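>>> Here you go, sequence then predicted model.
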Amino acid sequence: MHVIREQTIENLRRHDIAGEFSFLPALPKASVLIPLMVKNGQVFTLMTLRSQELRRNAGEVCFPGGKRDPGDRDDVDTALREAQEEVGLPPDEAQVICRLFPVLTKGGLLVTPVVAFVDESFHPRLNPAEVTEVFHVPLEFFLSEKDHICLDGFSGPSGFKHSFHYDDLQSGNGYHIWGLTALLAVLVATLALRKKPEFDVFYDTAAPLAFFKRALRQKISKL
């Protein structure tokens, strides 16, 4: 397990943005934390089901995250604070690996994904006002065509939106994973495992930086 974790970390750190997006104008910001862990020889990610009581994205599958607070120093601070608030993850129990390419939503919110490893033994403590369920998905799942479709007629950062149906064998529940969450899950799986998905993603999976820069510039020009 240690070898798998270290190899995954090495793969992801090659893609840390490290100042690559300094050209961005001042925009409202948000961050999501993509928590990874190794279980039974596989890399999994933790995902949440949002409360039905929330005003936005109620009942949807997401990664822990939210808008930047005035007291947050940077994107990492935001992601760690939100993860602590939503699933009880102490910031010092998350090994931050990298920040990946920010994505601009239709509402003009700049979302930066922050990837971190957490220990397999982490036991979430849910904030019921925000999260109703937590579940784990193997990253390999997001590279398979079996449970994947493209939602026609939607314009996402890569020209379409991914959609997955995931059946969690542990709980017996089924989950619809789509939109920005699915896009980020595919991206992290591709980079972490150094594998191409069985479906088209319209960017070079070995070097996606140029694509995401271009896509962001195009969206900003339309604001």
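In hand now; what should we look at? Numbering: from 1, shown residues only.
>>> on contacts alone, who are the packing partners of whichever strand in the chain runs longest?
Using DSSP state E to assign secondary structure, the strand with the most residues in the chain is strand 29-39. Helices and strands touching strand 29-39, by 3 or more C-beta pairs under 8 Å, 6 or more residues apart in numbering; DSSP states H and E, are helix 2-13, strand 42-50, strand 65-67, helix 75-87, strand 94-99, strand 110-118, helix 179-193. (Glycine included, C-beta is placed from N, CA and C.)
>>> As JSON lines, these with mean pLDDT, distance to Asp204 and mean neighbour count would be great.
Compiled in JSON lines, these are given as follows (pLDDT from 0 to 100; distance: least, C-beta to C-beta, whole Å; neighbours: other C-beta atoms under 10 Å):
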{"stretch": "helix 2-13", "mean pLDDT": "96", "distance to Asp204": "15", "mean neighbour count": "14"}
{"stretch": "strand 42-50", "mean pLDDT": "97", "distance to Asp204": "22", "mean neighbour count": "20"}
{"stretch": "strand 65-67", "mean pLDDT": "95", "distance to Asp204": "26", "mean neighbour count": "19"}
{"stretch": "helix 75-87", "mean pLDDT": "97", "distance to Asp204": "24", "mean neighbour count": "22"}
{"stretch": "strand 94-99", "mean pLDDT": "98", "distance to Asp204": "18", "mean neighbour count": "19"}
{"stretch": "strand 110-118", "mean pLDDT": "97", "distance to Asp204": "18", "mean neighbour count": "23"}
{"stretch": "helix 179-193", "mean pLDDT": "95", "distance to Asp204": "10", "mean neighbour count": "22"}
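>>> Out of the ones you listed, which is closest to His162?
Counting by C-beta to C-beta, His162 lies closest to helix 179-193 out of the helices and strands packed on strand 29-39; the figure is 3.9 Å.
>>> Which of the residues in the very next helix or strand once past that closest one are classified as buried?
The helix or strand immediately downstream of helix 179-193 is helix 209-221, counting by DSSP states H and E. Buried residues in helix 209-221, counting neighbours by 16 or more other C-beta atoms under 10 Å, are found at Phe211, Phe212, Lys213, Ala215, Leu216, Lys219.
>>> I'd like to know which of the residues you listed is nearest to Ser163.
Ala215 (19.4 Å).
>>> With Glu20 as the reference, measure out to the closest one.
13 Å (C-beta to C-beta, to the nearest Å).
>>> What of Phe122?
30 Å.
>>> same thing with Lys195?
23 Å.
>>> next one: Val118
26 Å.
>>> Can you list the buried residues in stretch 199-209?
Applying 16+ other C-beta under 10 Å to stretch 199-209 flags Val201, Tyr203, Thr205, Pro208 as buried.
>>> Also stretch 52-65?
Buried residues in stretch 52-65 (16+ other C-beta under 10 Å): Glu60, Val61, Cys62, Phe63, Pro64, Gly65.
>>> mind putting these in CSV, distance to Ala26 included?
CSV is the format used below for the buried residues of stretch 52-65 (distance: C-beta to C-beta, whole Å):
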residue, distance to Ala26
Glu60, 28
Val61, 30
Cys62, 25
Phe63, 24
Pro64, 25
Gly65, 20
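>>> least confident pick among those?
On pLDDT alone, Glu60 ranks lowest of these, at 93.
>>> what sits against that one?
Leu49, Arg50, His176, Gly179, Thr181 (C-beta atoms under 8 Å, 6 or more residues apart in numbering).
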